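Asker: Got a predicted structure plus its sequence, pasted below:
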Amino acid sequence: MKLGRVVGTVVSTINVPAFDGRTLLLCDLLDPSGRPAGGYLIAVDTVGAGAGETVLILDEGNSARQVLAAPGAPIRTLVVGIVDAVMDRSAAVALGEGPAAPTSADATPRGARPTMRAARAAARPRRPR
Amino acid sequence: MQLARVIGTVVATVKAPGLEGVKLLVIQPLDRHQRPTGSQLVAADAVHMAGPGELVYFVAAREAAQAMPDPFVPVDHAIVGIVDAVSPLAPPARDEP
């Protein structure tokens, strides 16, 4: 799956019947830090994503048709989630709707870091001695 | 799916079985600002109504053949819709660190 940001909608009245009643979102692709990675996709919305939101994009046909329960539809790209934050090894990167969203520094205040580190350590499988 | 501009038609009399009656169009893929990007392609017209000059969106790979009446045809790019409008949803100004 890919990260994207919704930057527009595509309006179309003449289309293949499988697209009737579906919302098409124009999404810029993002890298994990939230910067544009170059490129874009037109994706069918399944979650009600709106302008400027960071979304999870599924770009694989069989899964897309399964999600839509539309076997045989020529659809391959779906918006399947709205992203709140992406955690990398060092910090949470908040990927919200812009100014309202906290910056990465706000997302991981100093006090919160040890907690996150502890949580990650707890989640890490331990090797038997 | 991506945006493209139809820039021409392809006429072929000898085609693989299953492609009879399928309209083939030359398209120029566009970036999201509708500037040409990448190389031109031949795409099958699954909406039967696209013509030169029109802004369309197309699907690639296996899904292209799914758009055709017979889903087992040798087609790897298909036009699946004609674009009326692309409405930009301006993202709120973002403070870059």
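Answerer: Cool, got the structure. The shown structure was predicted, so the numbers you read here are calculated from the model rather than taken from an experiment.

Asker: Least confident secondary structure element in chain A?
Answerer: In chain A, the helix or strand scored least confidently by mean pLDDT, DSSP states H and E is helix A:104-107, which has a mean of 46.

Asker: swap in chain B?
Answerer: Scoring the helices and strands of chain B by mean pLDDT, DSSP H and E places strand B:85-88 at the bottom, with a mean of 86.

Asker: What are the boundaries of the strands in the chain?
Answerer: No chain in the question, so chain A it is. With strands called from DSSP state E, chain A shows them at A:2-11, A:14-15, A:24-30, A:36-45, A:54-59, A:77-82, A:85-87, A:92-94.

Asker: my bad, the chain I had in mind was chain B
Answerer: According to DSSP E, the strands that chain B contains are B:2-10, B:24-29, B:41-45, B:55-60, B:77-82, B:85-88.

Asker: which one of those strands is the most hemmed in?
Answerer: Across the strands of chain B, averaging neighbours per residue (mean count of other Cβ atoms under 10 Å in any protein chain shown) puts strand B:77-82 on top, at a mean of 25. Yep, even glycine has a C-beta here, placed from its N, CA and C like the rest.

Asker: Show me which residues of chain B are close to chain A?
Answerer: B:1-3, B:31-32, B:46-47, B:49, B:57, B:59-64, B:66-67, B:71, B:78, B:80-95, B:97 (Cβ under 8 Å from any Cβ of the partner chain).

Asker: Which residues of chain A lie near chain B?
Answerer: Checking chain A against chain B by Cβ under 8 Å from any Cβ, the hits are A:5-16, A:18-19, A:24, A:26, A:28, A:40-43, A:50-52, A:61, A:72-77, A:97-100, A:103-105.
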